[in-house]
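1. no sequence on this one, just coordinates:
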Ligand code: PHE
């Protein structure tokens, strides 16, 4: 039986697992979502809040997902049916549904990055006004075409299996991404006028985090930072459970979590070191003011356009190439959650499972490829609220029904933090998460109201 944990596939090397998990975490969330949220929410103070939530919630929840995955060696639905005292498979289904929705619109955005790459390579990107170009390519036929292409590439990698497909590709994609980002960061540093960008990004103005009236904290920023923590670490939808289910040896899960989450922070930080100096050096602050999904896709090309020529096109190719590589390694993990669940649930082959899930996700993504409003709604609901709901329920499950969680974590552990982790997962995080879920809900509902009211 292919769902049998004895003949389940596994990673070839420890590094392969770490790269795959970094690949899942590092995605559009780091290069596209992180800088625009930071710009929207007051620069460095947002970064500090995000780091705080990362340590308080993100890292312990990632450890929890790893513990479930390694202990059960199953995909999320089966894992949550058997890891604790009660059968929580409905939560597994919520995870799979969330991954399904996220990949459906994520693939559309990834398709845009492919279009930017192709048009940069063809040297035509700098011929158009970036706003007009974005409007022309972000929805409609061309958007569907590139969404298809992205889903086909992702499906081919997942289809090839854990070792041959995922591990082999991330080992090459992640170092390429880091090199490209470092090169762009180096270039941005030497642009005249970039200094102002660094100070906005690096000097916290703590006043943006508070408000003068009840509840005295800026609730919107808090909700955004929490949502970003879950999204960027790929938590709350079973991706990390799935990847850890392919671990064959008992390695130190805390050490691995630290390596993965800190690499993720470093890469997001590096992306900020590219985006903010470019914005300052090319006077694009006005563009970022009304920050939305399209910000990065319109503002940054303006810089490349003013450089112009082959060099402008090359930089544009490199920048959108980074976005594409990052999106690809995350897309792989999203598809793997759905694929491995189909394999485990229906005992079908990997080829059937990956092509079926790829095709279904492709169809679900079509509305997002036709309408930006739909895309952003799907992002708010699945990429924000559902991840947090999933994370909240997961901590209740691990903290209160999985009595062997501590014993599982202790295997291979060098850093003695089991007691601290259990205290966080049982008592502190569920309470904080419950408040954050309410906040996220309020945030979405309020956003819909203000969209509906006449301006
Ligand atoms: N972490 C990815 C990013 O930052 C997105 C993602 C979310 C991937 C959930 C997998 C699961 O872009």
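-> Yep, that arrived. Because the structure is a prediction, the values reported are computed rather than measured.

2. what's near enough to touch the residue in the stretch 301-450 of the chain that the ligand sits nearest to?
-> When scored by C-beta to the nearest ligand atom, the stretch 301-450 of the chain has residue 330 as its residue closest to the ligand, at 4.0 Å. Every residue, glycine included, has its C-beta placed from N, CA and C. Residue 330 makes contact with 23, 24, 25, 26, 27, 28, 29, 106, 234, according to C-beta atoms under 8 Å, 6 or more residues apart in numbering.

3. Would you mark the buried spots in the helix or strand that contains residue 369?
-> Secondary structure assignment for residue 369, by DSSP states H and E: helix 350-370. Buried residues in helix 350-370, counted by 16 or more other C-beta atoms under 10 Å: 350, 353-358, 361-362, 364-370.

4. can you check stretch 205-221 too?
-> Buried, per 16+ other C-beta under 10 Å, within stretch 205-221: 208, 209, 218, 220, 221.

5. which one of these is nearest the ligand?
-> residue 221 (18.8 Å).

6. which non-adjacent residue is nearest the closest one?
-> Spatial nearest neighbour of residue 221, excluding adjacent residues (C-beta to C-beta, 6 or more residues apart in numbering): residue 41 at 4.6 Å.

7. go on, residue 401?
-> Residue 401 sits nearest to residue 84 (C-beta to C-beta, 6+ apart), 3.4 Å away.

8. Near that neighbour, how many other residues are there?
-> Using other C-beta atoms under 10 Å, residue 84 has 22 other residues around it.

9. How about the contacts made by it?
-> Contacts of residue 84 by C-beta under 8 Å, 6+ apart are 397, 398, 401, 402, 403.

10. How is residue 415 assigned, secondary-structure-wise?
-> coil (DSSP: H, G, I helix; E, B strand; the rest coil).

11. ok, then the element right after the helix or strand of the chain with the lowest mean pLDDT?
-> Every helix and strand of the chain was ranked by mean pLDDT, DSSP states H and E. The lowest is helix 285-289, at a mean of 70. Heading C-terminal from helix 285-289, the first helix or strand you meet, by DSSP H and E, is helix 295-307.

12. distance between that following helix and the chain's centre?
-> Offset of helix 295-307 from its chain centre (C-alpha atoms, centre = their mean, to the nearest Å): 23 Å.

13. who does it touch, helix- and strand-wise?
-> helix 34-40, helix 89-121, helix 130-138, helix 253-281, helix 285-289, helix 309-346 (3 or more C-beta pairs under 8 Å, 6 or more residues apart in numbering; DSSP states H and E).

14. Between those helices, which one is closest to residue 377.
-> Smallest distance to residue 377 across the helices and strands packed on helix 295-307 (C-beta to C-beta): 9.1 Å, for helix 89-121.

15. quick one: the closest one to helix 295-307, angle?
-> Orientation note: helix 89-121 sits at an angle of 10 degrees relative to helix 295-307 (axes from the mean of the first three to the mean of the last three C-alpha atoms, to 10 degrees).

16. Name the residues that touch stretch 440-455?
-> 219, 220, 223, 224, 226, 227, 380, 381, 384, 385, 388.

17. Keep only those of the residues you listed that are in helices.
-> Among the contacts of stretch 440-455, DSSP state H puts 219, 220, 223, 224, 226, 227, 380, 388 in helices.

18. any idea which element the nearest residue to residue 318 once chain neighbours are set aside lies in?
-> Excluding the flanking residues, the one nearest residue 318 by C-beta to C-beta, 6+ apart is residue 180, at 5.5 Å. Assessed by DSSP H and E, residue 180 sits inside helix 168-189.

19. Name the residues of that helix that come out as buried.
-> Neighbour-count burial for helix 168-189 flags 168-171, 173-174, 177-178, 180-181, 184-185, 187-188 (criterion: 16+ other C-beta under 10 Å).

20. distance of the residue of the stretch 51-200 of the chain found nearest the ligand from residue 337?
-> Proximity to the ligand, evaluated over the stretch 51-200 of the chain using C-beta to the nearest ligand atom, is greatest for residue 102 at 5.6 Å. Per C-beta to C-beta, to the nearest Å, residue 102 is found 10 Å from residue 337.

21. okay, and the common contacts of those two?
-> residue 237.

22. Same drill for these two, tell me which one is more crowded.
-> residue 337 (30 against 26).

23. Can you give me the neighbour number for the closest residue to that one other than its chain neighbours?
-> Nearest non-adjacent residue to residue 337, counting by C-beta to C-beta, 6+ apart: residue 99, 4.3 Å away. Residues near residue 99, counting by other C-beta under 10 Å, number 31.

24. I appreciate the help and will end here.
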